[in-house]
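Chemist: need coordinates for the below:
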Amino acid sequence: MVFRKWLSMLLIVVVATGLCIPAARAADVLDITAESALLVDAESGKVLYEKDADKRLAPASMTKLMTLVLAVEALKNDRVSYDETVVASENAWRLGGSQIYLEPGEKMTYRDMLVAIAVGSANDSCVAVAEHLEGSHEAFVEKMNKKASELGMKNTHYVNAYGLSDPEHYSSARDMVTLARFALNYPELLELTCIKEYDLRGGEFVLYNTNKLLWWYDGADGFKTGWTNEAKYCLVSTVKRNDLRLVATVMGCPEPRGNFRDSMAIYNYGFARYAYKEFASQGAVCGLTRVGKGVSEAVEVVAGGNIGSICEKGQEKQVTWERSITSYVNAPVKKGDRLGEAQVFVDGKLVKKIPLIAAKDVAQASPFNTVKKAWNKIFLI
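Modeler: Numbering: from 1, shown residues only. Below is the predicted model:
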């Protein structure tokens, strides 16, 4: 009897202990060879899986994601155009590692240079673009470090724009995910990194994307691989399925293609357990606001972002939303003016606020038109 009593107590303790293990520990069953890894919801940043995510490691060519971010920002700021000519320097020509074998003085469009970086992981193109934008490779690297600081990348420091190993050149899985989430603000960057193959120099040189998830994993549409002897095999990537976009980084995978295997394993983990409940996408009409003294009597109010949230699968009913819209406003109204707010709740807890904004401009009516509208309302009812 005593033995049975102690056995019963032992079973109770074991069960209770198991129930107290955090959900994140369940991910320990994944066979991940990466030295460091992180999986998050792209929209909220919610961590779904992590393994030594703050460890400083060599990022190898994942470095080029920051190079591409700054290059695309230059496009958005009208500092450069896709058709602009970039001339390769002798510094670019000297680079080793992965490259497109630029010759000193060779001319190529800015777009082709960016594709060479995004698809072919070309070190020489990184230097050519860096020099074109900032005058020198060193000045461009300063901007890379400044941007990393602005984004809160606390475990990142760059020495070059391409990722060849240096003791002072490092990043972490968490910082790479932070950068990747920021990169999603630029659709142009995603378009570049999802190109599978590209004919360069009129078809004389064909680039094949180093990110094999584009072929092997449904919904994969971006970012960058990395490899050096020191860094081993790395990958920062993103996948979107059924409105749920996830971002992952794996670093220090010891075996060839281990970066792809580990990434697919943690994506499988994420998509098996989580879903995205969406009520309205960005730009969807959510209501109307009446407009006084304007050329129009009302303006459509649209979502300033996606109205929805990640949730555990099977718990979609716990995701709800509310909206409040300004009923009346006087002209003029500018496109993008805030006219309300949507709030998203998970299990009654507020998790997200999204501005509801004017879909278009509504100019103020002239005095004559104001009198005419009032006359019509009185006499033509």
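
Chemist: using CSV, list the CA coordinates for stretch 82-89.
Modeler: Only the C-alpha atoms of stretch 82-89 are listed here, as CSV (Å, rounded to 0.1, in the frame of the first residue of the first chain):
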residue,chain,number,x,y,z
TYR,A,82,17.1,51.3,-61.5
ASP,A,83,18.3,52.4,-65.0
GLU,A,84,21.2,54.4,-63.7
THR,A,85,24.7,53.2,-64.7
VAL,A,86,27.1,51.8,-62.1
VAL,A,87,30.8,51.6,-63.0
ALA,A,88,32.8,48.9,-61.4
SER,A,89,36.0,50.0,-59.7
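
Chemist: give the buried residues for that stretch.
Modeler: For stretch 82-89, a neighbour-count test (16 or more other CB atoms under 10 Å) marks 86, 88-89 as buried. For every residue, glycine as well, the C-beta is placed using N, CA and C.

Chemist: mind checking which of these land in strands?
Modeler: Applying DSSP state E to those, the entries found in strands are V86.

Chemist: mind putting the buried residues of stretch 82-89 into JSON lines with distance to Y170 and pLDDT?
Modeler: As requested, the buried residues of stretch 82-89 are arranged in JSON lines below (distance: CB to CB, whole Å; pLDDT from 0 to 100):
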{"residue": "V86", "distance to Y170": "29", "pLDDT": "97"}
{"residue": "A88", "distance to Y170": "28", "pLDDT": "94"}
{"residue": "S89", "distance to Y170": "27", "pLDDT": "94"}
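
Chemist: what's the domain layout of this protein?
Modeler: Using automatic domain parsing, the domain parsing of the chain gives 26-274, 281-376.

Chemist: among those domains, which is the most enclosed?
Modeler: When you average the neighbours per residue for each of the domains of the chain (mean count of other CB atoms under 10 Å), domain 26-274 leads with a mean of 20.

Chemist: quick revisit: worst average pLDDT in the domains of the chain?
Modeler: Averaged per stretch, pLDDT over the domains of the chain is lowest on domain 281-376, reaching a mean of 91.

Chemist: hang on, the earlier thing: what is the nearest of the buried residues of stretch 82-89 to R257?
Modeler: A88 (31.8 Å; CB to CB).

Chemist: measure that closest one to L75 for me?
Modeler: Noted for A88: a distance of 20 Å to L75, by CB to CB, to the nearest Å.

Chemist: coming back round to it: now the buried residues of stretch 82-89 as TSV including distance to Y186?
Modeler: Converted to TSV, those look like this (distance: CB to CB, whole Å):
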residue	distance to Y186
V86	19
A88	25
S89	26
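
Chemist: and the residue nearest to K76 when sequence neighbours are not counted, what does it touch?
Modeler: Closest residue to K76 apart from its sequence neighbours, by CB to CB, 6 or more residues apart in numbering: Y186 at 7.0 Å. Counting by CB atoms under 8 Å, 6 or more residues apart in numbering, Y186 touches 69, 72-73, 76.

Chemist: list the contacts of the residue nearest to K334 when sequence neighbours are not counted.
Modeler: Using CB to CB, 6+ apart and skipping residues adjacent in sequence, the residue nearest K334 is D361, 5.8 Å away. By CB under 8 Å, 6+ apart, D361 lies in contact with 332-335.

Chemist: now do M153
Modeler: Applying CB under 8 Å, 6+ apart, the residues contacting M153 are 171, 175, 178-179.

Chemist: can I get these in CSV including secondary structure and distance to A303?
Modeler: CSV is the format used below for the contacts of M153 (DSSP: H, G, I helix; E, B strand; the rest coil; distance: CB to CB, whole Å):
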residue, secondary structure, distance to A303
S171, strand, 34
D175, helix, 30
T178, helix, 25
L179, helix, 26
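
Chemist: which non-adjacent residue is nearest R338?
Modeler: That would be P355: by CB to CB, 6+ apart, it lies 5.1 Å from R338.

Chemist: kindly report the same for Y208.
Modeler: Among residues not flanking Y208 along the chain, E197 sits closest, at 5.1 Å (CB to CB, 6+ apart).

Chemist: surely that neighbour is in contact with N211?
Modeler: No. Counting by CB atoms under 8 Å, E197 stays clear of N211, with 11.8 Å between them.

Chemist: strands of the stretch 51-200 of the chain, residue ranges please.
Modeler: For the stretch 51-200 of the chain, strands defined by DSSP state E, counting those that start in this stretch occupy the ranges 85-87, 107-109, 197-200.

Chemist: partner strands of the last one, parallel or antiparallel?
Modeler: Same thing as strand 197-200. Looking at strand 197-200 with DSSP bridges, its partner strands are strand 205-208 (antiparallel).

Chemist: all strands of the stretch 251-381 of the chain, in order?
Modeler: Secondary structure of the stretch 251-381 of the chain by DSSP E, counting those that start in this stretch: the strands cover 274-280, 285-292, 298-303, 307-312, 319-325, 328-330, 338-346, 349-358.

Chemist: please consider this matter closed, and thank you.
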